[in-house]
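*Asks:* Below are the sequence and a predicted model; questions follow.
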Protein chains: 2
Amino acid sequence: MLTERRAAILRSIVEEYVDSAQPVASRVVALKYLGHVSPATIRNEMVRLEEEGYISQPHTSAGRVPSDKGYRYYVERLMREEAPSTEMGLMVRHQFHQVEERLEDWARLAAVVLAAHVQALAVVTAPRQRPARLRWLELVKLQELLALLVVVLQQAQVRQQLLPLPEPLEQDDLSAIGRSLSERFAGQDAQDVRSRLEGLSPLERTVMEAVAAILEAEDRSSYEPAAIEGLREALSQPEFQERERVLDLLGFLEGSGRLGRLLPFPAPPRGQVQVIIGSEHPESSLRHYSVVAAAYGQPSATGTVALVGPTRLRYGRAVGMVRFVASLLDELMAASFGG
Amino acid sequence: MLTERRAAILRSIVEEYVDSAQPVASRVVALKYLGHVSPATIRNEMVRLEEEGYISQPHTSAGRVPSDKGYRYYVERLMREEAPSTEMGLMVRHQFHQVEERLEDWARLAAVVLAAHVQALAVVTAPRQRPARLRWLELVKLQELLALLVVVLQQAQVRQQLLPLPEPLEQDDLSAIGRSLSERFAGQDAQDVRSRLEGLSPLERTVMEAVAAILEAEDRSSYEPAAIEGLREALSQPEFQERERVLDLLGFLEGSGRLGRLLPFPAPPRGQVQVIIGSEHPESSLRHYSVVAAAYGQPSATGTVALVGPTRLRYGRAVGMVRFVASLLDELMAASFGG
DNA sequence: GTTAGCACTCTCAGGGCGAGAGTGCTAAAA
DNA sequence: TTTTAGCACTCTCGCCCTGAGAGTGCTAAC
């Protein structure tokens, strides 16, 4: 627990540093934030803050910079969460109602909105039900011996795959098979499907094996990166001057398996925004970055909304925006998919 | 037309520069490429090459660097196209047969392969038929008053959208409607659909209006960027030391509308690989980059395979790989979708 | 407990300098 | 006529030095 004055100084340092990206001098704190004390007093307090690990100096005679611990204290106790203004909220809502009613578009728009309002990278993953469950399947004839298998998952995501046919079939036959299998297998996961392959006709069996494979692939894939936006915004931050930082971050985004290691696991509880600051992140190569994340969707199928940026992040705004966007997606999903 | 020796010198400069990313000295050319002449002779020839605009010097006493014109001559007459080795070809083929039979996966894999073998950014767009045509549609019940409209396009791409229902309907009814509409509207484009909305029942009309909207959206969207890979590879090239270059390129990739301005238009003729070098590109902000592109797919629906990198590109390998991948995709598509 | 004053430390931009790389030119050799 | 050795010249690059400026910590007075 910091004294009130020290807390005020820490807050000043954090906010000024976030703004200016420059180490903060005692003079600036004294003049700009705490009018009635002299820089010398501030300096004395700064020494204490530094001893306790809330701030540090890049070099002997530079100003102070918040440490991860300092940011943590700020986020915990000093930050004011910055919800979007009512007009902005309305505007964003309006944007959402203008795009097609498709999960992918919502996710993309959500990421765009986040990246635009906080200068950081936004990642939105599609909600996933684990295990994935079948809602409906359909076979569409492409050629004499080739059909397209269209699988609708419980969460209304659609997956497709080509399916070679053992014998020529007409669209009517394919439709009938699709309908009958859909009715029999609706709501089942990969395991259920596998366990009930016995007793199917050879053709039906081929179809359901493909369906099971799709469901399994869905379960395996760590995250479907529905949308990543704001790379440009993030990389234009001064901390990415050094090219190595850029490559670091790109490495994490390209190897799709690594997205899972970027986002918090387990997902934060509903309605809560989780903030991971710098070295708090288990992945040590992310120690210079912060992640602000929230879950959305139903308990059975949640997606993640996240912002990733340098630790020098506008936490107040980031948390406010992530909360807003997550609850907006919640609303939209509830309206569309119900319980 | 260059004399044989000058051409040999130009080739040496291009190949050495592509390798080393450093201006090439006369000494290097003499020793490494043309053993029997002295650096002085090379220098004399270089003066001529420079006068004619094939090479240039970054500053008075540096080695030489190819100009766009130099690269053009190299690509046109000196380059040896580097097809993948047979074993590599087989390996890649094998990889393709291992992924699910889905266009998206193929496109992604194609981009990964390209980016890995040429250190550059790979862009693969999905084949598009213009105008887009309906192959099949399906309605899946989600809630009492909400269905998922699944639209299969002629090229076996799948699009979906939520569709509010005016009245409660059972899955059987929805299926029947889907089947009947599919049969009546198969093979039609947006305009056809619009022109035949009269005479449909209100419900059918709602569905087909949504379908028309989807087809129109498909026609409008300039390119579906099916896969972009190799950002990391591309950005680790020395020409991206300066951060502005990085932001430039990212700008082009993020604004999805701009992908259309990156890729050559009209698409190169079948079986041909088009090379656009530096300032030859109509988009002036791409004057430091080269694009190597080929079309694939059927005449009625072509996609593009492209590599984007700094002008200092391994053209021989790039052209060979693009040709190989494009023809591989051709094969796969032909096998899957027939005529 | 606070503050003015001051010496101290460190960074940063600029200038000078020497080493090195590579050239163009000239004059001799082939 | 072409090639080449030799050499002076130019330009970059890394290095060191320096002075200005920023910001601190400490001390002593308030």
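*Replies:* Here it is on my side, so go on.
*Asks:* Please make it C-alpha for all contacts and neighbour counts, starting now.
*Replies:* Noted.
*Asks:* How are the strands of chain A distributed by residue range?
*Replies:* Assigned by DSSP state E, chain A shows strands spanning A:55-56, A:65-66, A:121-124, A:128-129, A:134-143, A:146-153, A:158-164, A:227-229, A:274-277, A:289-298, A:301-310.
*Asks:* helices or strands up against the longest helix seen in chain A?
*Replies:* In chain A, taking DSSP state H as the definition, the longest helix is helix A:315-337. Helix A:315-337 is packed against helix A:103-117, strand A:289-298, strand A:301-310, with contacts defined by 3 or more CA pairs under 8 Å, 6 or more residues apart in numbering or on different chains; DSSP states H and E.
*Asks:* contacting residues around it?
*Replies:* A:75, A:79-84, A:93, A:106, A:110, A:114, A:117-118, A:155-156, A:271-273, A:275, A:292-298, A:305-307, B:142-143, B:146, B:162 (CA atoms under 8 Å, 6 or more residues apart in numbering or on different chains).
*Asks:* cool, and stretch A:185-198?
*Replies:* A:131-136, A:154, A:205, A:208-209, A:211-213, A:215-216.
*Asks:* about what we covered before: tell me which residues in the longest helix of chain A are buried?
*Replies:* Across helix A:315-337, burial judged by 16 or more other CA atoms under 10 Å in any protein chain shown covers A:315-330, A:332-333, A:336-337.
*Asks:* cool, stretch A:133-148 as well?
*Replies:* Result for stretch A:133-148 [16+ other CA under 10 Å]: buried residues A:133-143, A:146-148.
*Asks:* Redo those residues as a markdown table? Include distance to residue B:125.
*Replies:* A markdown table is the format used below for the buried residues of stretch A:133-148 (distance: CA to CA, whole Å):
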| residue | distance to residue B:125 |
| --- | --- |
| A:133 | 30 |
| A:134 | 29 |
| A:135 | 30 |
| A:136 | 29 |
| A:137 | 27 |
| A:138 | 26 |
| A:139 | 26 |
| A:140 | 24 |
| A:141 | 24 |
| A:142 | 22 |
| A:143 | 24 |
| A:146 | 24 |
| A:147 | 23 |
| A:148 | 21 |
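*Asks:* Identify the farthest-apart pair in these.
*Replies:* Maximum pairwise distance among these (CA to CA): 28.5 Å, between A:133 and A:143.
*Asks:* Can you pull the residues of chain A lying near chain B?
*Replies:* A:100-102, A:136, A:138, A:140, A:142-143, A:146, A:148, A:156, A:158, A:160-162, A:229, A:231-232, A:235-236, A:241, A:243, A:247, A:250-251, A:254, A:336-338 (CA under 8 Å from any CA of the partner chain).
*Asks:* Next step: the contacts of stretch A:185-198 restricted to helices.
*Replies:* Counting by DSSP H, the contacts of stretch A:185-198 contribute A:205, A:208-209, A:211-213, A:215-216 to helices.
*Asks:* Throw the residues you listed into CSV and include distance to residue A:186 and neighbour count, thanks.
*Replies:* Below are these laid out as CSV (distance: CA to CA, whole Å; neighbours: other CA atoms under 10 Å in any protein chain shown):
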residue, distance to residue A:186, neighbour count
A:205, 16, 17
A:208, 12, 22
A:209, 15, 16
A:211, 11, 24
A:212, 12, 22
A:213, 16, 16
A:215, 13, 24
A:216, 16, 17
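*Asks:* for those, which one is nearest DNA strand C?
*Replies:* Comparing the ones in helices among the contacts of stretch A:185-198 against DNA strand C with CA to the nearest atom of the strand places residue A:216 closest, at 52.7 Å.
*Asks:* burial of the closest residue to that closest one other than its chain neighbours, as a residue count?
*Replies:* In space, and not counting its chain neighbours, residue A:216 is closest to residue A:190: 5.9 Å by CA to CA, 6 or more residues apart in numbering or on different chains. Residue A:190 has 22 neighbouring residues, counting by other CA atoms under 10 Å in any protein chain shown.
*Asks:* before we move on, what about residue A:170?
*Replies:* 12.
*Asks:* isn't it right next to residue A:141, touching?
*Replies:* Yes: if you go by CA atoms under 8 Å, residue A:170 and residue A:141 touch, sitting 7.3 Å apart.
*Asks:* hey, what's in contact with both of those two?
*Replies:* Counting by CA under 8 Å, 6+ apart, nothing touches both residue A:170 and residue A:141.
*Asks:* Name the spans of chain A whose pLDDT lies under the cut-off.
*Replies:* A:222-225, A:255-257, A:337-339 (pLDDT under 70).
*Asks:* Enumerate the residues of it near DNA strand C.
*Replies:* Residues of chain A lying near DNA strand C by CA under 7 Å from any atom of the strand: A:36-41, A:44, A:59-62.
*Asks:* Tabulate those residues (JSON lines), appending neighbour count.
*Replies:* Below are these laid out as JSON lines (neighbours: other CA atoms under 10 Å in any protein chain shown):
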{"residue": "A:36", "neighbour count": "8"}
{"residue": "A:37", "neighbour count": "13"}
{"residue": "A:38", "neighbour count": "14"}
{"residue": "A:39", "neighbour count": "18"}
{"residue": "A:40", "neighbour count": "12"}
{"residue": "A:41", "neighbour count": "11"}
{"residue": "A:44", "neighbour count": "11"}
{"residue": "A:59", "neighbour count": "9"}
{"residue": "A:60", "neighbour count": "8"}
{"residue": "A:61", "neighbour count": "8"}
{"residue": "A:62", "neighbour count": "13"}
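*Asks:* Kind regards, and thank you for your time.
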